[in-house]
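Peer 1: Predicted model and sequence below, questions to follow.
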Amino acid sequence: MKAMEVSSFSTTSKAFWSCSSSPDGMLFRRINQPIWHRVSVSISPLKSTDQSLLGRTKYIIQKGHSLQVVCSRKKDIPVVEGRCMDEIYDALAERLVPTTAASSSPNFKHIVGLAGSPGAGKSTVASEIVQRVNKLWFKTSYSFDSQVEPPVVATVLPMDGFHLYRHQLDEMEDPEEAHARRGAPWTFDPERLLKCLKSLRNQGSVYAPSFDHGVGDPVEDDIFVNLQHKVVIVEGNYLLLEDGAWKAISSVFDEKWFIEVDIETAMQRVLKRHILTGKPPDIAKWRIEYNDRPNAELINKSKKNADLIIKSVDF
């Protein structure tokens, strides 16, 4: 049996590992990691018959941030799994910090596109990873005075601010349908998001809109990504689509992550969210079937365009 070729973590590559295997199978190995990560990794043959695992590398986070990696023989898409989401947050934050520290350019930005269906937990995942990156950055930057507020080097840029305004939906050919399907790709302004991301990349800072769920409209210039921010996680539903401006948006990202979650679990989360925000249960269920589920099915098809898949663990 020929040995499998394995490359270790890189602070610049878009995938954690690359691997190739002989037709006969794969070897079991333990690989020493760079000091900054201190992770032991074992690689074992893929024995599962689960077709969803084909074409992936699996990172199963074990005690002490140990990752078990399973490579298939087809095109490889890394998958990160853990016993709980905290383990995944920690591992991905540790992934991003060396990238942040490696650049001396004042305009440097490492932009991560984080996609997933409604109910996948995108906002939570992005927020938790950003908090950990900022804490780790402070711990590894010994030059900071303990009395001085540490710099915030990571931030989140939500796609929600690029919803079309309600008055824009009113002007569509079928306003009732437009409002009922709000949240579908065509109820966003991807060209505007693309322009925002290009400005961020070229200038190192940008003002972006947020979204006021109480009012139901964007809030202009409510988010400021500045030169101090080195890691920007852009989170949203349609960031990995292949159509029109969405494809151009996807090309801006240094890394493309997708949160994988069972669609029924995701829809149950969305249902609870609808009810908590005041929708009657029957209206909430109608909205799930008429809008949220079709959107989720479309989004899940874009998973194949990710550099990394995050296996969601129920919160």
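Peer 2: Received, thanks.
Peer 1: Three-state assignment for residue 119, please.
Peer 2: coil (DSSP: H, G, I helix; E, B strand; the rest coil).
Peer 1: backbone phi and psi for it, please?
Peer 2: Reported as degrees, to the nearest 10, the phi and psi values for residue 119 are phi 90, psi 0.
Peer 1: who's in contact with it?
Peer 2: Listed by Cβ atoms under 8 Å, 6 or more residues apart in numbering, the contact partners of residue 119 are 261, 265, 266, 267, 268, 269, 270, 273, 292, 296. Just so you know, the C-beta spots here come from the backbone N, C-alpha and C atoms, and that holds for glycine as well.
Peer 1: Doesn't the third one lie inside a strand?
Peer 2: No: the assignment for residue 266 (three-state DSSP) gives helix, which keeps it out of a strand.
Peer 1: Among the contacts of residue 119, which one has the most neighbours?
Peer 2: residue 266 (25 neighbours; other Cβ atoms under 10 Å).
Peer 1: show me what contacts that residue?
Peer 2: 117, 118, 119, 120, 296.
Peer 1: just residue 314 next, same as before
Peer 2: Contacts of residue 314 (Cβ under 8 Å, 6+ apart): residue 265.
Peer 1: how about 10 Å then?
Peer 2: 84, 85, 121, 261, 262, 265, 268, 269 (Cβ atoms under 10 Å, 6 or more residues apart in numbering).
Peer 1: residue contacts, the fifth one?
Peer 2: Going by Cβ under 10 Å, 6+ apart, residue 262 touches 119, 268, 312, 314.
Peer 1: circling back to that earlier point, a markdown table for the contacts of residue 314, including pLDDT and distance to residue 78?
Peer 2: Output for those, formatted as a markdown table (pLDDT from 0 to 100; distance: Cβ to Cβ, whole Å):
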| residue | pLDDT | distance to residue 78 |
| --- | --- | --- |
| 84 | 92 | 19 |
| 85 | 93 | 17 |
| 121 | 95 | 19 |
| 261 | 96 | 17 |
| 262 | 95 | 20 |
| 265 | 96 | 22 |
| 268 | 96 | 27 |
| 269 | 96 | 25 |
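Peer 1: as a whole number, average confidence for stretch 247-256?
Peer 2: Mean pLDDT, stretch 247-256: 96.
Peer 1: now it, how far from the chain's geometric center?
Peer 2: The chain centre lies 12 Å from the centre of stretch 247-256; the measure is Cα atoms, centre = their mean, to the nearest Å.
Peer 1: Also stretch 91-99?
Peer 2: How far stretch 91-99 lies from its chain's middle: 13 Å, per Cα atoms, centre = their mean.
Peer 1: and stretch 129-139, how far out from the chain's middle?
Peer 2: 17 Å.
Peer 1: Now for the contacts of residue 262: which two are most distant?
Peer 2: Within the contacts of residue 262, 268 and 312 form the most distant pair, 12.7 Å apart (Cβ to Cβ).
Peer 1: what does the helix or strand hosting residue 208 contact?
Peer 2: Taking DSSP states H and E as the criterion, residue 208 maps to strand 206-212. Residues outside strand 206-212 that contact it (Cβ under 10 Å, 6+ apart): 109, 157-163, 189, 192-193, 195-200, 217-226, 232, 234.
Peer 1: Out of those residues, name the ones that lie in strands.
Peer 2: Counting by DSSP state E, the members of the contacts of strand 206-212 that fall within strands are 157-158, 217-225, 232, 234.
Peer 1: Can you pull out the low-pLDDT segments for the stretch 1-150 of the chain?
Peer 2: 1-75, 100-104, 140-149 (pLDDT under 70).
Peer 1: again, only this time at 90
Peer 2: Within the stretch 1-150 of the chain, the ranges that satisfy pLDDT under 90 run 1-77, 81, 83, 97-108, 137-150.
Peer 1: the strands in the stretch 51-200 of the chain, which residues?
Peer 2: Along the stretch 51-200 of the chain, counting by DSSP state E, counting those that start in this stretch, strands occupy 56-62, 66-71, 77-82, 110-115, 154-158.
Peer 1: quick revisit: can you flag the buried ones in the contacts of strand 206-212?
Peer 2: Neighbour-count burial (16 or more other Cβ atoms under 10 Å) is assigned, among these, to 109, 157-163, 189, 192-193, 196-197, 200, 217-218, 223, 225, 232, 234.
Peer 1: just to revisit the earlier point, which of the ones in strands among the contacts of strand 206-212 lies closest to residue 97?
Peer 2: residue 232 (14.3 Å).
Peer 1: Please, where are all the helices along the stretch 201-315 of the chain?
Peer 2: 244-252, 263-276, 281-287, 293-301 (DSSP state H, counting those that start in this stretch).
Peer 1: a markdown table for those, including distance to residue 308?
Peer 2: Formatted as a markdown table, the helices of the stretch 201-315 of the chain follow (distance: least, Cβ to Cβ, whole Å):
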| stretch | distance to residue 308 |
| --- | --- |
| helix 244-252 | 14 |
| helix 263-276 | 19 |
| helix 281-287 | 31 |
| helix 293-301 | 16 |
